[in-house]
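>>> fold the stuff below for me.
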Amino acid sequence: MYEVYKIENKVNGKVYVGLTSAGIKRRMDRHWSSRKNERHRKHNSLYIDMLNQERDDFHISTLMSGFASRKDAEVVESFWTGIYKASGLSYNRMIGDTPTEAALLAAVEANRNGIGGLQAERERRSAEWVRSGNPNATRVRCVETGDAFDCIKDAGEAYGINPQNISTAIHGGHKSGGFTWVKVVEGEDC
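Okay, here's the model as predicted:
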């Protein structure tokens, strides 16, 4: 079984997202050993930071687990990498533009075929609004996923994006966190 994990640098907040079938403790041991390899440091600043900091400065945790195929885990890994890349806090290198939209669309498709918690969460949101209780809140929807929220704050919390950035994206017509956000007009079906 595969799991998608993140290694967080507790000093600077940067995150590395990866996948493993060996377990996260063993994978962290491999990362820690690789920090001394000049070839690895040349291509990934995570190893440079690991070389210059203490092991306790880094925390590894599971983002999602239970994937039977590597391909499914790669889709979710790409999704999470895009989220952190968009926030500017990623160690991961990606070729070309940050592919959060493409990764998300692939993750959504994979979720339709049964990938873990993202599917259940997406179905829950499409069945009912996440209620904030604020009658003046701006309802928003993520165009790529169709996820709808009663307020920008709830959307920000769900996607790990600063709510102010989502608001600015809605009014400026650009993306926030790699996603397109729109205001939901009263009476519009989400």
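
>>> what about the longest helix along the chain, average pLDDT?
Taking DSSP state H as the criterion, the chain has its longest helix at helix 70-87. In this model, helix 70-87 has a mean pLDDT of 80.

>>> now swap in stretch 167-183 and tell me
The average pLDDT within stretch 167-183 is 84.

>>> which segments of this structure make up each domain?
2-118, 128-183 (automatic domain parsing).

>>> so can I have a markdown table of those showing mean neighbour count?
Yep, even glycine has a C-beta here, placed from its N, CA and C like the rest. Output for the domains of the chain, formatted as a markdown table (neighbours: other CB atoms under 10 Å):
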| stretch | mean neighbour count |
| --- | --- |
| domain 2-118 | 17 |
| domain 128-183 | 17 |
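
>>> now do Met1 against Ala158, distance only.
Met1 is 26 Å from Ala158, where distance means CB to CB, to the nearest Å.

>>> how long is stretch 147-166 end to end?
14 Å (CA to CA, to the nearest Å).

>>> pull the helix or strand with minimum mean pLDDT from the chain.
Least confident helix or strand, the chain: helix 116-127 with a mean of 43, by mean pLDDT, DSSP states H and E.

>>> what helices or strands is the helix or strand just after that one leaning on?
Proceeding N to C from helix 116-127, the next assigned helix or strand is strand 140-142, under DSSP states H and E. If you count contacts as 3 or more CB pairs under 8 Å, 6 or more residues apart in numbering; DSSP states H and E, strand 140-142 packs onto strand 148-149, helix 152-159, strand 181-183.

>>> contacts only, for the residue nearest the centre of the chain.
Centroid-nearest residue in the chain, with CA atoms, centre = their mean: Trp80, separated by 2.9 Å. By CB atoms under 8 Å, 6 or more residues apart in numbering, Trp80 lies in contact with Val4, Lys6, Val17, Leu63.
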